[in-house]
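Trainee: Provided below are the primary sequence and the corresponding predicted coordinates.
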Amino acid sequence: MTSHQSTQTMKPATAAKKLGVYLEATPAEFREGVVSRAELNELQANPPQWLRELRQNGPHPRPVVAAKLGVSIAGLARAGVTEPLTTEQIEALKQEGPEWLERERATQAEVRKEAARIKKKNAERQD
């Protein structure tokens with residue numbers, strides 16, 4: 001009996017998410033096809049020019065925008081930021097330092113502190 005392994009493929013939206021890029025900004029041939037696991041690995045290992053430019057300049061998807069600003073995705077939504085942002089727009093927001101950004105960063109810091117406290121408490125229970 002021979003083992004036949006089928007090629008694992010994913011939708012372009014899934015591949016874009018794994019690559020950390022905004023799907024609508026990718027080339028048409030990427031959006032219209034399917035991506036195999038091998039192709040995804042190749043894109044991650046040797047990103048083409050379009051992928052390097054998207055990662056560097058954007059537009060970036062919400063998870064990337066949130067990470068670059070140091071806030072949660074929910075914090076972006078509360079602030080009304082629903083569109084993808086470019087690196088330039090993100091840097092401008094950081095420079096402006098709007099009240100909502102400072103508030104959401106403080107909230108995120110509290111969440112991280114609480115998560116660390118709980119992790120430490122659970123580790124102490126294990127011992």
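Mentor: Right, received. Where do you want to start?
Trainee: which element is residue 116 on?
Mentor: Using DSSP states H and E, residue 116 maps to helix 99-126.
Trainee: show me how far that helix is from its chain's centre.
Mentor: Centroid separation for helix 99-126 versus its chain: 20 Å, with CA atoms, centre = their mean, to the nearest Å.
Trainee: ok, stretch 23-42 next?
Mentor: 16 Å.
Trainee: pLDDT of that stretch, averaged?
Mentor: Here stretch 23-42 scores 89 as its mean pLDDT.
Trainee: list the buried ones in it?
Mentor: 23, 25-26, 30, 35, 39-40 (16 or more other CB atoms under 10 Å). C-beta: built from backbone N, CA, C; applies to glycine.
Trainee: which stretches in the chain count as helices?
Mentor: Remark: helices assigned in the chain by DSSP state H are 12-19, 28-32, 37-45, 49-57, 62-69, 73-78, 87-96, 99-126.
Trainee: for the fourth one, name the packing helices and strands.
Mentor: Right, helix 49-57. With contacts defined as 3 or more CB pairs under 8 Å, 6 or more residues apart in numbering; DSSP states H and E, helix 49-57 has these neighbours: helix 87-96.
Trainee: quick revisit: would you turn the buried residues of stretch 23-42 into TSV with distance to residue 114?
Mentor: Shown next, in TSV, are these (distance: CB to CB, whole Å):
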residue	distance to residue 114
23	33
25	35
26	37
30	39
35	38
39	40
40	35
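Trainee: taking the residues you listed together, which two end up most distant?
Mentor: Farthest pair in the buried residues of stretch 23-42 (CB to CB) is 25 and 39. Separation: 18.4 Å.
Trainee: and residue 2, what's its pLDDT?
Mentor: Each residue has a pLDDT score; the one for residue 2 is 51.
Trainee: first-to-last residue distance for stretch 24-43?
Mentor: Stretch 24-43 has its terminal residues 17 Å apart, counting by CA to CA, to the nearest Å.
Trainee: do the same with stretch 42-49
Mentor: 13 Å.
Trainee: now that stretch: how far from the chain's centre is it?
Mentor: 17 Å.
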